[in-house]
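> got a predicted structure plus its sequence, pasted below:
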Amino acid sequence: MNMKTCHGTEGVNLFSTMMHFHIHSAYYLVILYSGRYLCGD
């Protein structure tokens, strides 16, 4: 991707990165809580 075209979609890239991080952290929390639930039982 060109740097010139990348500057135009900077906001979109930031949003995509934030969404990816949010989904990844949520996925991690699900594993963490499910693991704690199984171990606590």
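That came through fine.
> longest helix in this structure, by residue count?
Longest helix in the chain, counting residues (DSSP state H): helix 10-40.
> list the buried residues for that one?
Within helix 10-40, no residue is scored as buried using 16 or more other CB atoms under 10 Å. Where C-beta positions appear, they are placed from N, C-alpha and C, glycine not excepted.
> quick one: mean pLDDT for that helix?
Here helix 10-40 scores 84 as its mean pLDDT.
> gap between it and the chain center?
Chain-centre distance of helix 10-40: 5 Å, with CA atoms, centre = their mean, to the nearest Å.
> for the residue nearest the centre of the chain, which residues are in contact?
For the chain, the residue nearest the mean C-alpha position is residue 21 (1.9 Å; CA atoms, centre = their mean). Taking CB atoms under 8 Å, 6 or more residues apart in numbering, we find residue 21 in contact with no residue.
> from residue 37, how far off is it?
Residue 21 sits at a distance of 24 Å from residue 37 (criterion: CB to CB, to the nearest Å).
> for residue 13, same thing?
Residue 13 is 36 Å from residue 37, by CB to CB.
> likewise for residue 10?
41 Å.
> now residue 23
Where residue 37 is concerned, residue 23 sits at a distance of 21 Å (CB to CB).
> next one: residue 16
32 Å.
> also residue 31?
11 Å.
> then residue 27?
Separation of residue 27 from residue 37 (CB to CB): 16 Å.
> with just CA atoms, put stretch 12-30 into CSV.
Taking C-alpha atoms only, stretch 12-30 is exported to CSV below (Å, rounded to 0.1, in the frame of the first residue of the first chain):
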residue,chain,number,x,y,z
VAL,A,12,-10.2,3.6,9.1
ASN,A,13,-7.0,1.9,10.0
LEU,A,14,-7.1,3.2,13.5
PHE,A,15,-10.7,2.0,13.9
SER,A,16,-9.8,-1.4,12.5
THR,A,17,-6.9,-1.7,14.9
MET,A,18,-9.0,-0.7,17.9
MET,A,19,-11.7,-3.2,16.9
HIS,A,20,-9.1,-6.0,16.5
PHE,A,21,-7.6,-5.2,19.9
HIS,A,22,-11.1,-5.1,21.5
ILE,A,23,-12.1,-8.4,20.0
HIS,A,24,-8.7,-10.0,20.9
SER,A,25,-8.9,-8.8,24.6
ALA,A,26,-12.5,-9.9,24.8
TYR,A,27,-11.5,-13.4,23.5
TYR,A,28,-8.7,-13.5,26.1
LEU,A,29,-11.1,-12.5,28.9
VAL,A,30,-13.5,-15.3,27.9
